[in-house]
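Enquirer: Coordinates for the following, if possible.
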Amino acid sequence: MTGLDDPGVYKDDQAVQIARNYVSSYTRLAAQYLAQGDPERTALCLDRAEQVFSAMPAEWLPIMPSFVMLKSRLFMGTQGTGAARQFVMESTAYMESLAVSTGTRGLDSAITQLAAVAREFEQAEAFSAVIDSISDGSPGQEWIRIEAALAFGDYITARDILRTLGEEIEDPVLLDLMETTVDRHTIPQPLQLRAQHNGHRPGGGDRQHGPEQPGPPVEDRHRNHRHDHRNDRPGVTGRGNGGGIPGKHHG
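Expert: Here you go, the predicted model:
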């Protein structure tokens with residue numbers, strides 16, 4: 001990426017497209033790490049993505065909305081819903097100002113969508129407060145907290161709670177079922193499965209450096225696997241169940 005972050009270096013259309021490809025790769029990795037509950041690697045990938053366009057604000061502007069949505073999920077899992085909402089609001093104000101100064105048009109839809117995301121964080125905060133008021137810390141109550149986190153895209157919190165439960169639950173079958181359920185709602189098709197598509201053995205890369213090829217974008221995977229998983233979850237019979245622990249039947 002030599003020269004991309006240098007404002008003194010001219011970038012033609014081909015260079016800008018190459019920069020977009022870099023950002024696409026970094027954000028795909030960030031989305032994968034976020035789904036795995038890895039905030040450190042998520043932050044690293046997002047920082048690299050932002051650095052690519054640090055000297056090209058006008059070209060960065062059309063990409064920024066999806067970046068903001070992804071980074072706000074990182075803030076949600078590491079600093080809370082208040083910090084996530086503040087980040088979205090500040091980013092939206094910056095986008096509006098930058099759009100005026102660069103003469104960029106066509107961002108109204110993206111800005112409206114970001115405003116909806118900010119309101120979603122308010123809903124998540126209110127929902128979390130309700131759970132806090134009724135939770136006794138039992139695995140059953142904490143599973144409800146996991147389901148709420150998954151519903152609002154807070155994969156980091158969901159996996160943090162699951163790791164804590166892993167230290168408390170003595171039934172390995174139940175724990176495995178819970179982990180499988182969380183995986184199914186966050187990573188329907190992990191990156192390491194891409195090797196199978198290329199005719200190689202699963203996990204084609206070595207353990208130290210990971211898979212050989214990245215998988216399809218997270219949003220594409222969700223689109224390809226789109227159907228209502230609520231009735232697929234072990235121990236969950238539908239909306240009226242209230243989110244029980246997988247495999248546990250409630251009388």
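
Enquirer: if I look at residue 39, how far off is residue 80?
Expert: 13 Å (CB to CB, to the nearest Å). Every C-beta, even on glycine, is put in place using the N, C-alpha and C of the backbone.

Enquirer: of the two, who's got more company?
Expert: Ranked by neighbour count (other CB atoms under 10 Å), residue 39 and residue 80 place residue 39 first, with 20 against 17.

Enquirer: Look up the pLDDT of the closest residue to the more buried one other than its chain neighbours for me, please.
Expert: Distance criterion CB to CB, 6 or more residues apart in numbering; nearest residue to residue 39, sequence neighbours excluded, is residue 78 at 5.0 Å. Per-residue confidence (pLDDT) for residue 78: 97.

Enquirer: Please apply the same query to the one 5 residues further on.
Expert: Reported pLDDT at residue 83 in the predicted model: 96.

Enquirer: now residue 101
Expert: pLDDT at residue 101 comes out at 88.

Enquirer: Which positions within whichever strand or helix holds it qualify as buried?
Expert: Using DSSP states H and E, the element containing residue 101 is helix 81-102. For helix 81-102, burial by neighbour count (16 or more other CB atoms under 10 Å) applies to 81, 84-89, 91-92, 95, 98-99.

Enquirer: which of the residues you listed lies closest to residue 140?
Expert: Taking CB to CB as the measure, residue 140 lies nearest residue 81 of the buried residues of helix 81-102, at 23.4 Å.

Enquirer: List the residues that contact that closest one.
Expert: 121-122, 124-125, 128 (CB atoms under 8 Å, 6 or more residues apart in numbering).

Enquirer: Run through the helices of the chain in chain order.
Expert: 13-35, 39-52, 57-60, 64-79, 81-102, 108-134, 139-151, 155-166, 172-186, 194-197, 218-224 (DSSP state H).
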